[in-house]
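Asks: Make a model of this:
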Amino acid sequence: MKTRGINSGTDYTVRQVWSPMRQTSCRPGRLHLVTVHEVEDLRDELARGNVPPDLEAKLCKLGLSELGHRFIEQQCRTIIGLIQAAQAGSFKVADRAEFERLVRVLAYVRKDDDAIPDYQSDGFADDREEVRSAATELSPLLHAFKAWRLQHQVPAMWTPFPGAEQGQETMSRLASAGRPGGHFCGR
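Replies: Take a look at the predicted model:
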């Protein structure tokens, strides 16, 4: 059994008690369909601070759909934030394997022709299973990231800065569009 605990210090290192039996039983096991090139491409694009346009378009589409699809979109956006913060060195990820799994899950969601092709009526069921599995298994890590983000990133969004008036106008436009936070997906 692998032992971990949550560190209350500022480095947000995550640990928990981990049962190998639970770990393997929760994994749907389709991530092998993602190639090394797809993972590296996504990792590099996120490191540059970008979300690939095809992934952004897919997340926008999912966010405007049924509840199960919105779950995928919201979890993926959290994962993207975690990965980008970790790559920038702001949020310390304790386990490289967890980080790589999150990148691989995103790459799987990005892939249109996966175990169940996304164009089929139930095409996102496998994506939802992979995202749910990762979110469940890595829940302590995701919760630590959300707490870190609330403490470190959210206050900066509300701090006045040069050009704050322009920023307030942008936030007003986003709020009136029904998408506070800045994802221009349309409704």
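
Asks: list the helices and strands the longest helix anywhere in the chain packs on?
Replies: If you go by DSSP state H, the chain has its longest helix at helix 67-87. Applying 3 or more Cβ pairs under 8 Å, 6 or more residues apart in numbering; DSSP states H and E, we find helix 67-87 packed against helix 36-47, helix 53-63, helix 96-110, helix 125-137, helix 139-152. C-beta here means a position set from N, CA and C on the backbone, and glycine is covered the same way.

Asks: In CSV: those helices, plus mean neighbour count.
Replies: What follows is those, written out as CSV (neighbours: other Cβ atoms under 10 Å):
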stretch, mean neighbour count
helix 36-47, 15
helix 53-63, 17
helix 96-110, 20
helix 125-137, 19
helix 139-152, 16
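
Asks: got those as CSV, with distance to Ile80 and mean pLDDT columns?
Replies: Shown next, in CSV, are the helices and strands packed on helix 67-87 (distance: least, Cβ to Cβ, whole Å; pLDDT from 0 to 100):
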stretch, distance to Ile80, mean pLDDT
helix 36-47, 7, 96
helix 53-63, 8, 96
helix 96-110, 7, 95
helix 125-137, 12, 96
helix 139-152, 11, 92
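
Asks: Among those, which comes closest to Ser90?
Replies: helix 139-152 (7.0 Å; Cβ to Cβ).

Asks: Which other helices and strands does the closest one contact?
Replies: helix 67-87.

Asks: Output the helix it packs on in PDB, but only the C-alpha positions, please.
Replies: The C-alpha coordinates for helix 67-87 follow below in PDB (Å, rounded to 0.1, in the frame of the first residue of the first chain):
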ATOM      1  CA  LEU A  67     -25.000  17.400 -18.000                       C
ATOM      2  CA  GLY A  68     -22.600  14.400 -18.600                       C
ATOM      3  CA  HIS A  69     -20.900  16.400 -21.400                       C
ATOM      4  CA  ARG A  70     -20.600  19.500 -19.200                       C
ATOM      5  CA  PHE A  71     -18.900  17.300 -16.500                       C
ATOM      6  CA  ILE A  72     -16.200  16.400 -19.100                       C
ATOM      7  CA  GLU A  73     -15.700  20.000 -20.000                       C
ATOM      8  CA  GLN A  74     -15.500  21.300 -16.400                       C
ATOM      9  CA  GLN A  75     -13.100  18.500 -15.300                       C
ATOM     10  CA  CYS A  76     -10.900  19.100 -18.400                       C
ATOM     11  CA  ARG A  77     -10.700  22.800 -17.700                       C
ATOM     12  CA  THR A  78      -9.600  22.100 -14.100                       C
ATOM     13  CA  ILE A  79      -7.000  19.600 -15.400                       C
ATOM     14  CA  ILE A  80      -5.800  22.100 -18.000                       C
ATOM     15  CA  GLY A  81      -5.400  24.700 -15.200                       C
ATOM     16  CA  LEU A  82      -3.500  22.300 -13.000                       C
ATOM     17  CA  ILE A  83      -1.200  21.200 -15.800                       C
ATOM     18  CA  GLN A  84      -0.400  24.800 -16.800                       C
ATOM     19  CA  ALA A  85       0.200  25.800 -13.200                       C
ATOM     20  CA  ALA A  86       2.500  22.800 -12.600                       C
ATOM     21  CA  GLN A  87       4.400  23.500 -15.800                       C
END
